[in-house]
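> Provide a 3D model corresponding to the input given below.
(4 chains)
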There are 2 protein chains.
Amino acid sequence: MKIAEVSQRYGLSSDTLRYYERIGLLPPVNRAESGIRDYNDLDVRRVEFIKCMRSAGLPIEVLTAYIALVQRGDDTIPARKAILKEQRELLAARMNEMQKTLDVLDRKIAIYENAVLTREQDLL
Amino acid sequence: MKIAEVSQRYGLSSDTLRYYERIGLLPPVNRAESGIRDYNDLDVRRVEFIKCMRSAGLPIEVLTAYIALVQRGDDTIPARKAILKEQRELLAARMNEMQKTLDVLDRKIAIYENAVLTREQDLL
DNA sequence: GTAGCACTTAGAGTTTACTCTAAGTCAAGG
DNA sequence: CCTTGACTTAGAGTAAACTCTAAGTGCTAC
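Just a heads-up that it's a prediction; the model follows:
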């Protein structure tokens, strides 16, 4: 699977995919003999995981550390679990903040709906 | 109310408060005769609004445009409503993404809980 | 076999949102 | 009065995550 296909499938630019690999977030991707990237199943699953985590705002640094632990084997399972648990709590906290903001927005929009109605009545 | 108090009350640094004012996100704040900022009630309410919206990731550019519209009077109510509605939808979409990621994290954590248990049993 | 498009790298540039620095002014306590 | 700590400005610097550029290589279609 070439980079353009992975790019399209996960909505990450080819530049971004190469960038992730260059900085060590995505471990070295499989290559064809010519040197062109040919993402295998494991590569693609990693991209999918990264895409998912990044879309929720988890920092590249944390994900890099996590994936490095996965590569180091089963001894690192407690450390990995700790990372995921921490990130899970941070994410839940961010969502909580966002829910409050969503509520504020909904209240303000409702007020504007009324204001617009009032204005419309004024204009008639 | 001086800048340090506003800073503490809303968890924004004094630098950030001055920055918001400098770039035109926060309209010019009330000043004491000496030139020192003395946030009045309206200033503080604006800070609270900005803090709330920023904490959910709404871009400064959008908030600046919105607050400028508020300053321009009631004629801008439909435009303001449109901004808030759009941002509300974008925020809801981000939260949706995050919920999916949260679910993935929870599944992975559950798997690790089992793995850790298994390892513990292995070690006994 | 050559045009043209996708691929490669290294490295520079961009965006967003701060955050810090330097040099100076103000206000309260001793 | 003078020190000390909070305040002021303009402008430079930083962090995170891309995104673009240039120069070159590989694959496919005519």
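> Could you verify my assumption that A:Ala65 touches A:Ile83?
Yes - under the criterion of Cβ atoms under 8 Å, A:Ala65 makes contact with A:Ile83 at 6.8 Å. In short, each C-beta sits where N, CA and C put it, glycine included.
> So the two - more neighbours on which side?
Here A:Ala65 and A:Ile83 are compared on neighbour count by other Cβ atoms under 10 Å in any protein chain shown; more neighbours surround A:Ile83, at 18 against 14.
> In contact with that one, which residues?
When contacts are counted by Cβ atoms under 8 Å, 6 or more residues apart in numbering or on different chains, A:Ile83 is found next to A:Val62, A:Ala65, A:Tyr66, A:Leu69.
> Of these, which is the nearest to B:Arg88?
For B:Arg88, the nearest member of the contacts of A:Ile83 is A:Val62. The distance, counting by Cβ to Cβ, is 29.1 Å.
> What is the burial count for that closest one?
By other Cβ under 10 Å, neighbour count at A:Val62 equals 15.
> for A:Cys52, same thing?
Neighbour count of A:Cys52, defined by other Cβ under 10 Å: 17.
> what packs against whichever strand or helix holds it?
Counting by DSSP states H and E, the element that carries A:Cys52 is helix A:41-55. Helix A:41-55 sits against helix A:3-10, helix A:14-22, helix A:60-72, helix B:77-123, with contacts defined as 3 or more Cβ pairs under 8 Å, 6 or more residues apart in numbering or on different chains; DSSP states H and E.
> now the contacts of A:Ile83 as JSON lines including pLDDT and distance to B:Asn96?
Supplementary listing: the contacts of A:Ile83 in JSON lines, determined by pLDDT from 0 to 100; distance: Cβ to Cβ, whole Å:
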{"residue": "A:Val62", "pLDDT": "98", "distance to B:Asn96": "22"}
{"residue": "A:Ala65", "pLDDT": "98", "distance to B:Asn96": "27"}
{"residue": "A:Tyr66", "pLDDT": "98", "distance to B:Asn96": "23"}
{"residue": "A:Leu69", "pLDDT": "98", "distance to B:Asn96": "29"}
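> just those now: which is nearest chain B?
For chain B, the closest of the contacts of A:Ile83 turns out to be A:Tyr66, at 10.0 Å, with distances computed as Cβ to the nearest Cβ.
> Can you name the residues of chain A that neighbour DNA strand D?
Residues of chain A that fall close to DNA strand D, judged by Cβ under 7 Å from any atom of the strand: A:13, A:15-16, A:19, A:32-36, A:54, A:59-61.
> Kindly indicate which of those residues lies nearest A:Glu113.
Sorting the residues of chain A next to DNA strand D by distance to A:Glu113 puts A:Arg54 at the head of the list, at 35.7 Å, by Cβ to Cβ.
> got a list of what that closest one touches?
For A:Arg54, the residues meeting the contact criterion (Cβ under 8 Å, 6+ apart) are A:Ile60, A:Leu63.
> Much appreciated, bye for now.
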